[in-house]
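In: have a look at this prediction, sequence included:
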Amino acid sequence: MNSAGPDLVGLYVQVLGTLLYCLVFLFLWRQSGILYFGYWSLAWGLQSVALLCLRVYFAASSAFWLSCYALLEFAFALVLMAAARAGPSKLAGTWKSLLRVLLGFPLFLAIVYSLGLQTSFEGFQTLHGLILGSIYLYTFFMIRGNVGVGGQLFRVSLLCLALAFLHNAVVFFYLYNRGGHPSWPRYLQYNNLYDFALLTLLAFAAMAMWIESQRDRILELSSELDVVRRDSVKNMDLDKLTGLLNQAALERRMEGDQEFVGVVAVCDMDNFKSINDRYGHLVGDEILRNIGHLLRSSIRQEDEAFRWGGDEFVILFRNQNLAVVKARMLEIRERLKDFRVRGHGTLSIDFSWGTSEATGTGLRGVLDVADHDMYAYKRGRSTPGV
């Protein structure tokens, strides 16, 4: 099989192409700091040096250069396998597994020399194609699961490379056993061009895989940010002490255009300042915290409870009538009479409250009426709900 013409031209084209890919991936690695690109730069560097060793072998016909070529091709395939296993974002521990597999190369040379294949290019290429084809096929089966278009293209490239190397192993085995150079396998003169085309497809598929992984990561981060944003907005509306909605949330409700239908209740602790002065602010905070828990457990899911000020609270009973709300407020007041404070026993708590019913009007006006009703009760001018 004459290799002087097209074979050398294809070899030079492949060397230049692999060097170009090595520099491109090296640039991407240096700019992005992503080790995935470093793997690919290393792989293409190994491939270019391997092809140069093959060129020297053609010139010198020395088995040493053929062994160097095989070692570098073997390392190239293993780096590709390591990159495929690790993926663009999971690279921990890949180097250890890569070096462990690379230690199997002496076994490859031992088989070559035991069979006497080092003296024949065809015999050497038979075993070389068989091993590399097996590596590519193994990597093809390892990349499974939910992969995108880039991953599917990468798998197709690996499968084509595996079939090409296994096919070459069969052809070179035939030539090794039969001898001579028949005319039918002359297409192998262009084998370097075929390999380069498949490896180019593999490189573009690797880039597509990385782009898809970054896109998926961006979508994942976007979803996480949406959750954090919703939680932040929710926490901004909460009063940290009582767990109720805060005054800012109530202001937004009042400024909204949505009409309110239901009952607004405003309640205020009686003599809370004297409780703080007598028992201390820690006890006062515990009372407010428990009142917040009591209000949350006393309303429906569609209702809303707010801490309006220091010891003032607002409850929005949606689509509820005044009689039911008054009964609910009386229940809350009765439960507060049995309030217990740690270290102080039972402490009767009382509060004043006022209500106002709305039928599709703005919330601010209804709240103002309920607030005046509560202060009227405090001054003894009326007794709502009694």
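Out: Received it, and whenever you're ready, just let me know what you need.
In: in stretch 47-64, what counts as buried?
Out: Gln47, Ser48, Val49, Ala50, Leu51, Leu52, Cys53, Leu54, Arg55, Val56, Tyr57, Ala63 (16 or more other C-beta atoms under 10 Å). C-betas here are computed from N, CA, C, even on glycine.
In: same question for stretch 201-212.
Out: So, applying 16+ other C-beta under 10 Å, buried residues of stretch 201-212: Leu201, Leu202, Ala203, Ala205, Ala206, Met207, Ala208, Met209, Trp210, Glu212.
In: again with stretch 167-180
Out: So stretch 167-180, judged by 16+ other C-beta under 10 Å, has buried residues Asn168, Ala169, Val171, Phe172, Phe173, Leu175, Tyr176.
In: in JSON lines: those, plus secondary structure, distance to Asn235 and pLDDT.
Out: Below are the buried residues of stretch 167-180 laid out as JSON lines (DSSP: H, G, I helix; E, B strand; the rest coil; distance: C-beta to C-beta, whole Å; pLDDT from 0 to 100):
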{"residue": "Asn168", "secondary structure": "helix", "distance to Asn235": "64", "pLDDT": "83"}
{"residue": "Ala169", "secondary structure": "helix", "distance to Asn235": "64", "pLDDT": "83"}
{"residue": "Val171", "secondary structure": "helix", "distance to Asn235": "69", "pLDDT": "83"}
{"residue": "Phe172", "secondary structure": "helix", "distance to Asn235": "69", "pLDDT": "81"}
{"residue": "Phe173", "secondary structure": "helix", "distance to Asn235": "70", "pLDDT": "80"}
{"residue": "Leu175", "secondary structure": "helix", "distance to Asn235": "74", "pLDDT": "79"}
{"residue": "Tyr176", "secondary structure": "helix", "distance to Asn235": "74", "pLDDT": "74"}
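In: which helix runs longest in this structure?
Out: Criterion DSSP state H: the longest helix present in the chain is helix 191-236.
In: residues making contact with the next helix or strand along the chain from that helix?
Out: For helix 191-236, the following helix or strand on the C-terminal side (DSSP states H and E) is helix 247-255. Helix 247-255 has contacts (C-beta atoms under 8 Å, 6 or more residues apart in numbering) with 236-238, 304, 306-309, 314, 316, 362-364, 367.
In: kindly report the same for stretch 325-335.
Out: Counting by C-beta under 8 Å, 6+ apart, 263, 265, 267, 294-295, 298-299, 317, 350-351, 353, 355, 384-386 sit against stretch 325-335.
In: could you list which of those residues belong to helices?
Out: Checked against DSSP H, the contacts of stretch 325-335 include these in helices: Leu294, Leu295, Ser298.
In: which of those residues sits closest to Glu122?
Out: Closest to Glu122 out of the ones in helices among the contacts of stretch 325-335 is Leu295 (88.4 Å), distances taken as C-beta to C-beta.
In: picking that back up, out of the ones in helices among the contacts of stretch 325-335, which comes closest to Arg379?
Out: Leu295 (24.0 Å).
In: what count of nearby residues applies to the nearest residue to that closest one once chain neighbours are set aside?
Out: Setting aside the residues directly before and after it, Leu295 is nearest to Ala305 in space (C-beta to C-beta, 6 or more residues apart in numbering), at 4.4 Å. The tally of other residues near Ala305 (other C-beta atoms under 10 Å) stands at 23.
In: can you pull the phi/psi pair for Ala305?
Out: phi -120, psi 140 (degrees, to the nearest 10).
In: quick check: it touching Arg318?
Out: No. Using C-beta atoms under 8 Å, Ala305 makes no contact with Arg318, being 11.9 Å away.
In: residue contacts, the closest residue to Asn290 other than its chain neighbours?
Out: In space, and not counting its chain neighbours, Asn290 is closest to Phe339: 6.9 Å by C-beta to C-beta, 6+ apart. Listed by C-beta under 8 Å, 6+ apart, the contact partners of Phe339 are Ile287, Asn290, Thr346, Leu347, Ser348, Ile349.
In: now with 7 Å, please.
Out: Contact partners of Phe339, counting by C-beta atoms under 7 Å, 6 or more residues apart in numbering, are Asn290, Leu347, Ser348, Ile349.
In: phi, psi of it?
Out: According to degrees, to the nearest 10, Phe339 has phi -70, psi 130.
In: for it, give its distance to Ala305.
Out: 17 Å (C-beta to C-beta, to the nearest Å).
In: again, but for Phe165
Out: 72 Å.
In: do Asn235 as well
Out: 16 Å.
In: how about Gln320?
Out: Taken as C-beta to C-beta, the span from Gln320 to Ala305 is 13 Å.
In: then Ser213?
Out: 46 Å.
In: need phi/psi at the nearest residue to Asp311 once chain neighbours are set aside.
Out: Distances taken as C-beta to C-beta, 6+ apart place Met269 nearest to Asp311, at 3.8 Å, with adjacent residues excluded. With angles defined as degrees, to the nearest 10, Met269 sits at phi -70, psi 140.
In: show me where the stretch 1-150 of the chain has its helices.
Out: 6-32, 35-60, 63-86, 94-102, 105-114, 121-142, 149-178 (DSSP state H, counting those that start in this stretch).
In: now the fifth one: average pLDDT?
Out: Meaning helix 105-114. Per-residue pLDDT over helix 105-114 has a mean of 59.
In: cool, thanks, signing off.
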